[in-house]
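Novice: Compute the structure for the input listed below.
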Amino acid sequence: MTVSLPLVLVLGAIAWIAIKFMGVRLWVAVVIALFGFWLAHTAIAPSVESGTRSGVDSINEQHD
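Specialist: All right, here's what the predicted structure looks like:
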């Protein structure tokens, strides 16, 4: 049985854990999220997306 989770859900859970248990302040998480939105509108966005896809694909291949 394969379980599929959207990457944004996984990253959201990691952010929640960081805020709740690691003492990361909420404003720091908001700034990082805003930086991600800004980065998505730059010329480097395709490289970030392909790198993320490659990483996720390699993890998925290891668990098949």
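Novice: Spit out the contact partners of residue 39.
Specialist: 45, 48 (C-beta atoms under 8 Å, 6 or more residues apart in numbering). For the C-beta atoms, the positions are set from N, CA and C on the backbone; glycine is no exception.
Novice: Could you tell me the per-residue confidence at it?
Specialist: According to the prediction, residue 39 has pLDDT 86.
Novice: Kindly report the same for the one 4 residues further on.
Specialist: On pLDDT, residue 43 comes in at 92.
Novice: same check, this time on residue 2
Specialist: 62.
Novice: tell me the mean pLDDT over stretch 19-34?
Specialist: 90.
Novice: State the phi and psi torsions of the residue nearest the centre of the chain.
Specialist: The residue lying closest to the centre of the chain (C-alpha atoms, centre = their mean) is residue 11, at 4.3 Å. For residue 11, the backbone dihedrals (degrees, to the nearest 10) come out as phi -70, psi -40.
Novice: Can we start the residue count at 38 from this point?
Specialist: Yep, numbering from 38; the last one is residue 48 now.
Novice: How far does stretch 42-55 sit from its chain's centre?
Specialist: 7 Å (C-alpha atoms, centre = their mean, to the nearest Å).
Novice: Residue 77: neighbouring residues, count only.
Specialist: 11 (other C-beta atoms under 10 Å).
Novice: ok, now which ones touch it?
Specialist: residue 85.
Novice: So it versus residue 54, what's the distance?
Specialist: Distance check for residue 77 against residue 54: by C-beta to C-beta, to the nearest Å, it reads 23 Å.
Novice: same deal with residue 87?
Specialist: Counting by C-beta to C-beta - residue 87 and residue 54 are separated by 27 Å.
Novice: Alright, I will stop here.
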